[in-house]
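Asker: give me coordinates for this.
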Amino acid sequence: MDIGGNVRNESVQQAGPLVPVCVASDETARAVLQMLRDLGRGAILVRCQGVLVGIFTERDALRVLATEGDLSSPIERYMTRAPVTVRESDSVESAIRKMSSNGYRRLPIVDAEGRPTGVVDVSGIIHWLVAHFPRAIYNLPPVAKVGTQQREGP
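Answerer: Numbering: from 1, shown residues only. This is a model prediction of the structure:
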């Protein structure tokens, strides 16, 4: 099977999704920042009554810290509301398209009721690609653009 067939037919569940780390929408920004740091994660999913309502990423954290936001405020004040998601049955191609067209590094995976079940990230997609197409990946030149080793001219 070719690369196009694989990315269209295999679900995001095959791309090594991460277990979602979730918090309630009334959790404080300080607590969520601490979780990001302690868990070494790039994003925390925000739920209200079990349903995904937002995502708080390292980019959001930088924005909060740069503007000296109130860390005792609920995370819903700083999260990205209604994030772009993929369903468990969506293809790897769908995830790649959404990530590349929107500049996202991770997408929450939700079930039919909108409950988070995982997070697919760029790393998982890359590992999936390498596992499925090792000859294509490993045959790429190690350096795409070779620079000169010595100064040119006199």
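Asker: just the helices in the chain please.
Answerer: 3-9, 29-39, 58-66, 92-102, 122-132, 134-138 (DSSP state H).
Asker: who touches stretch 26-40?
Answerer: By Cβ atoms under 8 Å, 6 or more residues apart in numbering, the surrounding residues in contact with stretch 26-40 are 21, 23, 41-44, 46, 56, 58, 61, 64-65, 69-78. For glycine as for every other residue, the C-beta is placed from the backbone atoms N, C-alpha and C.
Asker: how far away is the spatially most central residue of the chain from residue 83?
Answerer: Residue closest to the average C-alpha location in the chain (Cα atoms, centre = their mean): residue 106, at 1.1 Å. Here residue 106 is placed at a distance of 9 Å from residue 83 (Cβ to Cβ, to the nearest Å).
Asker: any residues in contact with both of these two?
Answerer: By Cβ under 8 Å, 6+ apart, no residue touches both residue 106 and residue 83.
Asker: next, residue 73: phi, psi?
Answerer: Per-residue torsions, residue 73: phi -70, psi 150 (degrees, to the nearest 10).
Asker: per-residue confidence at the closest residue to it other than its chain neighbours?
Answerer: Leaving aside its sequence neighbours, residue 73 sits nearest to residue 29 (Cβ to Cβ, 6 or more residues apart in numbering; 5.6 Å). pLDDT for residue 29: 95.
Asker: repeat that for the one 5 residues further on.
Answerer: Residue 34 is assigned a predicted lDDT (pLDDT) of 96.
Asker: do you know how far it is from residue 27?
Answerer: For residue 34, the distance to residue 27 - Cβ to Cβ - is 10 Å.
Asker: out of the two, which sits in the busier spot?
Answerer: residue 27 (19 against 12; other Cβ atoms under 10 Å).
Asker: against residue 101, how distant is the more buried one?
Answerer: 30 Å.
Asker: what do you get for residue 117?
Answerer: Residue 117 is 23 Å from residue 101, by Cβ to Cβ.
Asker: same thing with residue 31?
Answerer: 32 Å.
Asker: the two: which has the busier surroundings?
Answerer: Taking other Cβ under 10 Å, residue 31 and residue 101 do not tie; residue 31 has more neighbours (15 against 9).
Asker: neighbours around residue 35, how many?
Answerer: Residues near residue 35, counting by other Cβ under 10 Å: 16.
Asker: oh sorry, the question was meant for residue 38
Answerer: 8.
Asker: right, I'll call it a day here.
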